[in-house]
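Colleague: Fold the following for me, if possible:
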Amino acid sequence: MPKPDLPMAGGCRCGATRFEITAPPMMTMACHCTGCQKMASSAYSLSMMVAGDAFRVTKGDTVQGGLKGPQIDHRFCPECMSWMYTQFSDTDAYVNVRPTMLDDPSWFAPYVESWTSEKLPWVTLPVEQSYPQFPPKEDRPKLGEGFAAWF
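Modeller: Have a look, this model is predicted:
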């Protein structure tokens, strides 16, 4: 698998909001939950987990959209409403960035898929790990080690 050049840059569809990532991803994923299907207007959403201190918005700003709640914060460009990344209130250790927002997403491939219990029946992805819902907490260290070896 090719590795991304650092720093990685990306932005929304209209270019009003831009971001930079200065570290490689901690994990790459596809989520099949019906919420992601609706927000992405697709069969699944893609994301890459990056360290919170390695991610920053460099131009413009974002607004909260999608599922609005105390635990999850989906961030969108206020101009074109592109879903750019997701933050979590219980941690600032990582951010889930939509890899299709990168200027060059050609290196991206999902390592794990979640919520396969809700996936559309025709979807098949070339992933290393699958979970019917989110991976259980006890699997997360193993997933991180597996991703590091795979990536």
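Colleague: where does this protein dip in pLDDT?
Modeller: In the predicted model, the chain carries pLDDT under 70 at residues 69.
Colleague: Which parts of it are helices?
Modeller: 34-40, 140-150 (DSSP state H).
Colleague: got CSV for those helices, with mean neighbour count and distance to Leu67 too?
Modeller: To be clear about C-beta, it is placed using only N, CA and C from the backbone, and glycine gets the same treatment. As requested, those are exported to CSV (neighbours: other C-beta atoms under 10 Å; distance: least, C-beta to C-beta, whole Å):
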stretch, mean neighbour count, distance to Leu67
helix 34-40, 17, 6
helix 140-150, 13, 22
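Colleague: I'd like to know which of those helices is closest to Pro24.
Modeller: Of all those, helix 140-150 sits nearest to Pro24, with 9.4 Å by C-beta to C-beta.
Colleague: Quick check: the gap between the closest residue to Cys33 other than its chain neighbours and Met29.
Modeller: Nearest residue to Cys33, sequence neighbours excluded (C-beta to C-beta, 6 or more residues apart in numbering): Trp115, at 3.8 Å. Computed as C-beta to C-beta, to the nearest Å, the Trp115 to Met29 distance reads 10 Å.
Colleague: try Phe108
Modeller: Phe108 is 10 Å from Met29, by C-beta to C-beta.
Colleague: now swap in Tyr131 and tell me
Modeller: Distance, Tyr131 to Met29, using C-beta to C-beta: 10 Å.
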